[in-house]
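Asks: Next one to model:
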Amino acid sequence: MNPTSKAQLQIHFCVLLWGFTAILGKLITLPALPLVWWRMLIVVAALALLPRVWRGLRAMSPRLMLAYAGIGALVALHWLTFYGAIKLSNASVGATCMALGTVFVAMIEPWLTRTRFSKRELALGVMVLPGVVLVVGGVPAGMRAGIAVGAMSALLVALFGSLNKRLVEHGDPLTVTALELGAGTLTLTLLAPLMPLLFPAFAGPLLVVPSGHDIALLLGLALACTLLPFTLSLVALRHMSAFAQQLAVNLEPVYAIVLAALLLGEQRELTTTFYVGVVIILAAVFVHPLLGKPRRLQHPEVLGTAEAKGAAD
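Replies: Numbering: from 1, shown residues only. Next up, the predicted model:
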């Protein structure tokens, strides 16, 4: 097998693993807050074992560390709302909401990065609206709060993805990831006492040891669905363009919905209207990379912290 074909298989395997994040989030019995806290803590603990991370921290200025820490707080809120959306609805709905991230980026990135605004990308955002309406109409009324929270999560992806894009060249990627997720863990720790008042549905004790069932799933979520695909995608991206990577990553909601149907039987909870809306949203997501010229990632080794890993691009 030639390197390009092998890279294609590797990146699709990574996207499949990322598709499992929504499934594991539904299967883990912890509320959203402790679920995200444990996931971030496990990844940070694993990265803390790498000498490269500590060397990168020593070389980083305090001002830059503070900037990355602020982005990490947004990452924590993104994951909190992502898993909150899944708990309030189901894995299929949560994954579909994340497809909105690319559209939000099209509107937010020019403002944050001071680049020229694209009328074509604004048209793309308008194109998604009918799909969103159909998705909302195709789920039971009790799940619609999950859609609202999921849309908020996609907006947070657009915010921290665009901010990361401005700062990505200023630090070692593994160090940046450890710093952002470490700051995110601290953010959730500080928010924990307030969560029962702000968002009771997300709240839960942090220091209570999860059950054996949840620990196994959390380890799979943090290691098999975060660190493993990161390493494999790094290898794959040496032999493929950013454009090809973007198209593959856009399949993540598709994988998540198929897996949710096969493993959780969620197709019984949703109507045909929902799936028509999903098709419209995904069509817009696939069109997005076609609006611009293919470009190679300047820093493909950056560990994605979003569920929709291509949103920052």
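
Asks: any weak-confidence spans in this structure?
Replies: By pLDDT under 70, the weakly predicted segments of the chain are 113, 121-122, 165, 168-169, 234, 237, 241-247, 288-313.

Asks: any idea how far stretch 52-63 is from the chain center?
Replies: In this view, stretch 52-63 has its centroid 25 Å away from the chain centroid, taken as Cα atoms, centre = their mean, to the nearest Å.

Asks: same question but for stretch 200-208, I mixed them up
Replies: 21 Å.

Asks: what's next to that stretch, contact-wise?
Replies: 30-35, 37, 80, 84, 87-88, 188-189, 192, 195-196 (Cβ atoms under 8 Å, 6 or more residues apart in numbering). For the C-beta atoms, the positions are set from N, CA and C on the backbone; glycine is no exception.

Asks: Can you get me the start-to-end distance on it?
Replies: 17 Å (Cα to Cα, to the nearest Å).

Asks: For that stretch, buried residues please.
Replies: A201, F202, A203, G204, L206 (16 or more other Cβ atoms under 10 Å).

Asks: Same question for stretch 62-73.
Replies: Quick answer for stretch 62-73 (16+ other Cβ under 10 Å): M65, A67, Y68, A69, I71, G72, A73.

Asks: now, which of those residues lie within helices?
Replies: Residues of the buried residues of stretch 62-73 located in helices (DSSP state H): M65, A67, Y68, A69, I71, G72, A73.

Asks: ok, the second one touching N164?
Replies: Okay, so that is A67. No. Contact criterion Cβ atoms under 8 Å: A67 and N164 do not qualify, at 10.0 Å.

Asks: could I get the buried residues of stretch 200-208 as CSV with distance to L263 and secondary structure?
Replies: Supplementary listing: the buried residues of stretch 200-208 in CSV, determined by distance: Cβ to Cβ, whole Å; DSSP: H, G, I helix; E, B strand; the rest coil:
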residue, distance to L263, secondary structure
A201, 24, coil
F202, 24, coil
A203, 27, coil
G204, 24, coil
L206, 28, coil
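
Asks: As a markdown table, the ones in helices among the buried residues of stretch 62-73 with distance to G146 would be great.
Replies: Shown next, in a markdown table, are those (distance: Cβ to Cβ, whole Å):
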| residue | distance to G146 |
| --- | --- |
| M65 | 35 |
| A67 | 32 |
| Y68 | 30 |
| A69 | 29 |
| I71 | 25 |
| G72 | 25 |
| A73 | 23 |
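
Asks: sorry, back to before: give me the ChimeraX select line for the contacts of stretch 200-208, limited to the buried ones.
Replies: Buried residues within those, by 16+ other Cβ under 10 Å, are selected in ChimeraX with:
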select :30,31,32,33,34,35,37,80,84,87,88,188,192,195
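
Asks: What is the most widely separated pair among the contacts of stretch 200-208?
Replies: L88 and T189 (22.9 Å; Cβ to Cβ).

Asks: And the helices in the stretch 151-300 of the chain?
Replies: 173-191, 195-198, 212-219, 228-236, 242-249, 252-264, 272-287 (DSSP state H, counting those that start in this stretch).

Asks: and the ones you listed as CSV, adding distance to V93?
Replies: Listed next are those as CSV, based on distance: least, Cβ to Cβ, whole Å:
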stretch, distance to V93
helix 173-191, 23
helix 195-198, 22
helix 212-219, 20
helix 228-236, 23
helix 242-249, 20
helix 252-264, 9
helix 272-287, 8
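
Asks: how about A99, what does it touch?
Replies: Contacts of A99 by Cβ under 8 Å, 6+ apart are A154, N250, P253, V278, I281, L282, V285, A308.

Asks: before we move on, back to that, for the helices of the stretch 151-300 of the chain, which one sits closest to L112?
Replies: Using Cβ to Cβ, the nearest of the helices of the stretch 151-300 of the chain to L112 is helix 173-191, at 16.6 Å.

Asks: Please name every helix or strand in contact with the closest one.
Replies: Applying 3 or more Cβ pairs under 8 Å, 6 or more residues apart in numbering; DSSP states H and E, one finds that helix 173-191 contacts helix 32-47, helix 51-58, helix 62-88.

Asks: would you turn the ones you listed into a markdown table with distance to P3?
Replies: Converted to a markdown table, these look like this (distance: least, Cβ to Cβ, whole Å):
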| stretch | distance to P3 |
| --- | --- |
| helix 32-47 | 28 |
| helix 51-58 | 25 |
| helix 62-88 | 32 |
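
Asks: Of those helices, which is nearest A224?
Replies: The nearest among those, by Cβ to Cβ, is helix 32-47 at 11.2 Å.

Asks: Tell me which of the helices of the stretch 151-300 of the chain lies nearest to N2.
Replies: Nearest to N2, of the helices of the stretch 151-300 of the chain and by Cβ to Cβ, is helix 228-236 at 13.1 Å.

Asks: chain center to that closest one, what's the gap?
Replies: With Cα atoms, centre = their mean, you get 16 Å for helix 228-236.
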